[in-house]
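Trainee: quick check, what structure comes out for this input:
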Amino acid sequence: MQLVAGYPVFITPRLRECRAFYERLGFSVVFEASWFLYLSSASFSLAFMSPDHPSSPPDPGPYTGDGAFVTLQVEDAAAAFEELKQEGFAIAYELRSEPWGQRRFALIDPAGVWVDIVEQTEPAAGFWDPYV
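Mentor: Sure thing, here's the model as predicted:
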């Protein structure tokens, strides 16, 4: 198999709201129809699909917000946090520095997807020792 591309697809009836949300984050629409929305940024793509379209897979059903999340890595999480807060985004997880080596905050998109916005940092000394 020679892979050409890959992207997650979230099944939701809220395609228009997802488009507006991700366009505000800097994504561009690559393809849009009444039943499907494909968005891309410089380094990440994702899609949303209507649950009532015949090409929707038989399972899983519409996304309910559990078991998956999207990570968007940025150069400066504090600057991104302030920018998005000023633009009126609802913050689901306040900006904080995590001991495993991330400065992060989170949003929840209109489909219920947790959007983790992270900056890579140095982990706390010894944090990873029990995990490697």
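Trainee: got phi/psi on the residue nearest the centre of the chain?
Mentor: Averaging the C-alpha coordinates of the chain gives a centre point, and the residue nearest to it by CA atoms, centre = their mean is residue 70 (3.3 Å). Dihedral pair for residue 70: phi -110, psi 130, per degrees, to the nearest 10.
Trainee: isn't residue 128 right up against residue 100?
Mentor: Yes. Residue 128 lies in contact with residue 100 (CB atoms under 8 Å); the separation is 7.0 Å. Glycine gets a C-beta too; all of them are placed from N, C-alpha and C.
Trainee: for this structure, which segments count as strands?
Mentor: Counting by DSSP state E, one finds strands in the chain at the ranges 9-11, 28-32, 36-40, 45-49, 69-73, 93-98, 102-108, 114-120.
Trainee: residue 59: which of those strands is closest?
Mentor: With CB to CB as the criterion, residue 59 lies closest to strand 9-11 of these, at 10.2 Å.
Trainee: what lines up beside that closest one in the sheet?
Mentor: Sheet partners assigned to strand 9-11 using DSSP bridges are listed as strand 45-49 (parallel).
Trainee: touching the partner strand from outside, list them.
Mentor: Around strand 45-49, the neighbours that count as contacts under CB atoms under 8 Å, 6 or more residues apart in numbering are 5, 7-12, 14-15, 18-19, 22, 27, 30, 35-39, 55-56, 70, 111.
Trainee: mind checking the pLDDT average for that strand?
Mentor: For strand 45-49, mean pLDDT is 96.
Trainee: likewise for stretch 10-21?
Mentor: For stretch 10-21, mean pLDDT rounds to 96.
Trainee: measure that stretch end to end?
Mentor: Start to finish, the residues bounding stretch 10-21 are 14 Å apart (CA to CA, to the nearest Å).
Trainee: skipping adjacent residues, who's closest to residue 64 in space?
Mentor: In space, and not counting its chain neighbours, residue 64 is closest to residue 112: 6.5 Å by CB to CB, 6 or more residues apart in numbering.
Trainee: brain fart, residue 75
Mentor: residue 119 (6.7 Å).
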